[in-house]
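Novice: Compute the structure for the input listed below.
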Amino acid sequence: QVQLVESGGGLVQSGGSLRLSCLASGDFLSIEDMSWHRQGPANQRELVASALTSGITRYADSVKGRFTISRDDTRHTLYLEMNSLKPEDTDVYYCYAIMRMRTSTGFTGTFQYWGQGTQVTVSA
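Specialist: I've put the predicted structure just below:
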């Protein structure tokens, strides 16, 4: 069973910083692309930042220049460094990963997983 567990959320004042972590555990062969999402308005999760296996990183326009995504594949961990936080960054942040796993039939395939979310609250 694969699990993604986020940590690092909390309450911070506007202009402050937080660092989110997402630890992947379980029986998998490798981690493919990973990303951070937040719930957003109307309960639709929106992409915040992604870190592909190619090394390419992408960011939502709203966080460019303030957030930095990184991953440590030796520790199976994804990070999100959030600086210059604004009240509009307040949300539940979710980790997402595509994992390569061996199926019960012996073949390998990719499967998508979400973490349980971590609350980030930025006060004005």
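Novice: ok, so what distance separates the residue sitting furthest away from the middle of the chain from S62?
Specialist: Within the chain, T105 marks the point farthest from the mean C-alpha position, 30.1 Å out by CA atoms, centre = their mean. Relative to S62, T105 is positioned 43 Å away (CB to CB, to the nearest Å). For the C-beta atoms, the positions are set from N, CA and C on the backbone; glycine is no exception.
Novice: follow-up on the earlier one: now the residue farthest from the centre of the chain, what's its secondary structure?
Specialist: Three-state call for T105 (DSSP: H, G, I helix; E, B strand; the rest coil): coil.
Novice: where's A60 relative to V12, distance?
Specialist: A60 is 19 Å from V12, by CB to CB.
Novice: scratch that, A97 is what I was asking about
Specialist: Relative to V12, A97 is positioned 25 Å away (CB to CB).
Novice: still on that earlier bit, which per-residue confidence value corresponds to the residue farthest from the centre of the chain?
Specialist: Here, the pLDDT recorded for T105 equals 88.
Novice: ok, and what's touching stretch 48-57?
Specialist: 31-38, 58-60, 63, 67-71, 78, 80, 93 (CB atoms under 8 Å, 6 or more residues apart in numbering).
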